[in-house]
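K.L.:
After the sequence you'll find the predicted model.
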Amino acid sequence: MSITVQIKITEDRIAIPDLEAFLREAEGGAVNLFVGTTRRVTEDRITVELSYECARELALAELDRIVSEAKVKWPILRVVVVHRVGTVGAGEASVVIGVATAHRVESFEACRFLIDELKKRVPIWKKEVYEDGDTEWVTGNSPS
Amino acid sequence: MSITVQIKITEDRIAIPDLEAFLREAEGGAVNLFVGTTRRVTEDRITVELSYECARELALAELDRIVSEAKVKWPILRVVVVHRVGTVGAGEASVVIGVATAHRVESFEACRFLIDELKKRVPIWKKEVYEDGDTEWVTGNSPS
Amino acid sequence: MTLTVEYYAILKDVTGLSSESFEVPDGCTGSTLLVAVSERYPKHAGLVASVRIANSESYISNESTLEPDSTVLLIPPVSGG
Amino acid sequence: MTLTVEYYAILKDVTGLSSESFEVPDGCTGSTLLVAVSERYPKHAGLVASVRIANSESYISNESTLEPDSTVLLIPPVSGG
């Protein structure tokens, strides 16, 4: 059984239906998908868009390592990790992680591992653009 | 903040992109989606399709209760629970569960609770249709 | 009193029926009804023993008293998802 | 020896640069380089202290010796997702 992986950092809108279909094609039984979106309200400030920057080569290498670690821990049939960079409008996806496995528990655990590790380790940064025109780099992810 | 819920049992193909878009519109920050699909191989037998039957009124009432329980446990912005009945071809989704929340951990936990409880409590039954023409009712879900 | 009993999934297949009537004593409980069903389908007593009983709104305890003329659903172990 | 140092995100904003050169002694470690960066940007010493260093392939330990003419990425606390 060949494991099929899609890892991408892209300026384009993430085509979520295509990714979900790719995972479901594994016919494994279970697909878990996590979608991170722009949060409109953070501590009373209105965010109109986010902008993401990355250290691309290192980010892709780190994502490869995280996916390899997940493949050791869980019997993954297919996996997708796509992070958007550049400007991301309100309600659009900034990150999509998905895992296809035979059993549902594995799909949840592997997907959560991937997003948790991505948020800890992958050199990508978010800049909030507020309604009042202010911008602010976010440094460091909160644990949840 | 009004919580928006979609609970459905349907003979039609599940429109996963529409459900994902509905969840993402909450602009909460996190969406977790679980998709159950036909597993093609179970203990060496090839399944060509599944067929699902339900006790519809009770199933919908039980799904309502499960969603209410989840809403007490986690701050859920939007939630979808759609189960297909009738014939489900290979690679098609039999069930889709999704949750939109502000923080990712809540989205994973609530989504997993919903599918776990659905599998334990909701009166829906699966019949495997094998490549050799045999059919077999599945009675009882395994814990994972 | 008369009860309508509904069968689902494997239980519908083995009985060949989606529902049928049972005459039971007044004050009949779920457990007593399940005994009556087992006696009508002795080959499937094990299956009948595995069901949960319900009305159209919710599961009900095997010890609860069933209403006259009510419909009782026999729910085999579920396998949705 | 000469190192090329790359800045990202908030560190790029505060330095106004995406990369610049540093002259450092042979055998310079990551920690020693960070001291040199802090001295060039004393107002941002706290930020510099929070970075992890990396090459384009992986994070590297602050104690490891840097290669002559290599490029070193300064990675502020990440906030992807």
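P.N.:
Perfect, thanks for sending it.

K.L.:
And whatever residue of chain C ends up closest to chain A, how far from residue B:39?
P.N.:
Closest residue of chain C to chain A, C-beta to the nearest C-beta: residue C:81 (7.6 Å). Where you see a C-beta, it was placed from the backbone N, CA and C, and this is true even at glycine. Going from residue C:81 to residue B:39 by C-beta to C-beta, to the nearest Å gives 11 Å.

K.L.:
So for those two, which sits in the more crowded spot?
P.N.:
residue C:81 (23 against 18; other C-beta atoms under 10 Å in any protein chain shown).

K.L.:
which residues does that one contact?
P.N.:
When the contact criterion is C-beta atoms under 8 Å, 6 or more residues apart in numbering or on different chains, the partners of residue C:81 are A:104, B:36, B:83, B:94, B:95, B:115, B:118, B:119, B:124, B:126, B:141.

K.L.:
Could I get the full set of helices for chain A?
P.N.:
For chain A, the helices defined by DSSP state H cover A:16-24, A:56-73, A:104-121.

K.L.:
what residues does the top helix by length along chain C touch?
P.N.:
Counting residues, the longest helix found in chain C (DSSP H) is helix C:30-40. By C-beta under 8 Å, 6+ apart, the list of residues contacting helix C:30-40 from outside reads C:3, C:5, C:22, C:24-25, C:44-45, C:48-49, C:51, C:53, C:60-64, C:66, C:72, C:74.

K.L.:
I'd like to know which of the residues you listed are buried.
P.N.:
Taking 16 or more other C-beta atoms under 10 Å in any protein chain shown as the criterion, what is buried in these is C:3, C:5, C:22, C:24, C:44, C:48, C:51, C:53, C:60, C:66, C:72, C:74.

K.L.:
got the residues of chain A near chain D?
P.N.:
Within chain A, the positions lying close to chain D (C-beta under 8 Å from any C-beta of the partner chain) are A:36, A:52-55, A:57-59, A:61-62, A:65, A:83, A:94-95, A:115, A:118-127, A:137-141.

K.L.:
Relative to residue B:81, how far out is the closest residue to chain C within chain A?
P.N.:
Minimum separation of chain A from chain C (C-beta to the nearest C-beta) falls at residue A:104, amounting to 7.6 Å. According to C-beta to C-beta, residue A:104 and residue B:81 sit 14 Å apart.

K.L.:
With neighbour numbers in mind, choose between those two.
P.N.:
residue B:81 (27 against 24).

K.L.:
residue contacts, that one?
P.N.:
Contacts of residue B:81 by C-beta under 8 Å, 6+ apart are B:6, B:7, B:8, B:63, B:66, B:67, B:96, B:97, B:114, B:118.

K.L.:
Can you give me the distance of the residue lying closest to the fifth one once chain neighbours are set aside to residue C:75?
P.N.:
This points to residue B:66. With C-beta to C-beta, 6 or more residues apart in numbering or on different chains as the criterion, residue B:66 has its nearest non-adjacent residue at 4.5 Å, and that residue is residue B:117. Per C-beta to C-beta, residue B:117 is found 15 Å from residue C:75.

K.L.:
So for these two, which sits in the more crowded spot?
P.N.:
Of the pair residue B:117 and residue C:75, residue C:75 is the one with more neighbours under other C-beta under 10 Å, namely 24 against 18.

K.L.:
Can you give me the pLDDT of that one?
P.N.:
For residue C:75, the pLDDT comes out at 98.

K.L.:
The one 4 residues further on now?
P.N.:
In the predicted model, residue C:79 carries a pLDDT score of 96.

K.L.:
cool, and residue A:1?
P.N.:
Reported pLDDT for residue A:1: 49.

K.L.:
With residue C:19 instead?
P.N.:
The score at residue C:19 is 98. That number is its pLDDT.

K.L.:
Find the nearest non-adjacent residue to the spatially most central residue of chain A, please.
P.N.:
Nearest to the mean C-alpha position of chain A, counting by C-alpha atoms, centre = their mean, stands residue A:95 at 3.3 Å. Nearest residue to residue A:95 in three dimensions, chain neighbours excluded: residue A:36, at 4.1 Å (C-beta to C-beta, 6+ apart).

K.L.:
so who does residue A:28 touch?
P.N.:
Applying C-beta under 8 Å, 6+ apart to residue A:28 gives the contacts A:77, A:78, A:100, A:101, A:102, B:37, B:39.

K.L.:
Point me to the residue of chain C nearest chain D.
P.N.:
Closest residue of chain C to chain D, C-beta to the nearest C-beta: residue C:81 (28.6 Å).

K.L.:
Just give the nearest non-adjacent residue to that residue, would you?
P.N.:
Nearest non-adjacent residue to residue C:81, counting by C-beta to C-beta, 6+ apart: residue B:119, 4.4 Å away.

K.L.:
got a list of what the one you found touches?
P.N.:
Applying C-beta under 8 Å, 6+ apart, the residues near residue B:119 are B:141, C:78, C:80, C:81.

K.L.:
So the third one is in contact with residue B:50, correct?
P.N.:
Right, the one you point to is residue C:80. No: using C-beta atoms under 8 Å, residue C:80 makes no contact with residue B:50, being 10.6 Å away.

K.L.:
ok, residue A:140 - how many residues close by?
P.N.:
Counted with other C-beta under 10 Å, residue A:140 comes out at 13.

K.L.:
hmm, I was thinking of residue A:131
P.N.:
For residue A:131, using other C-beta under 10 Å, the count is 10.

K.L.:
what's around the closest residue to it other than its chain neighbours, how many residues?
P.N.:
Spatial nearest neighbour of residue A:131, excluding adjacent residues (C-beta to C-beta, 6+ apart): residue A:46 at 4.1 Å. Other residues lying near residue A:46 total 12 when counted by other C-beta under 10 Å.

K.L.:
what sits against residue 56?
P.N.:
Went with chain A since none was named. Going by C-beta under 8 Å, 6+ apart, residue A:56 touches residue A:9.

K.L.:
if you could check chain C rather than the one you did, that'd help
P.N.:
Applying C-beta under 8 Å, 6+ apart to residue C:56 gives the contacts B:55, B:57, B:58, B:61, C:71, C:73.

K.L.:
pretty sure the second one is touching residue C:58, no?
P.N.:
No: the pair residue B:57 and residue C:58 does not pass the contact test of C-beta under 8 Å, sitting 10.3 Å apart.

K.L.:
Give me the more crowded residue out of the two.
P.N.:
Neighbour count, other C-beta under 10 Å: between residue B:57 and residue C:58, residue B:57 has more, with 15 against 10.

K.L.:
Quick check: closest non-adjacent residue to the more buried one.
P.N.:
Nearest-residue entry for residue B:57: residue C:56, 4.3 Å, with adjacent residues in sequence omitted and distances by C-beta to C-beta, 6+ apart.
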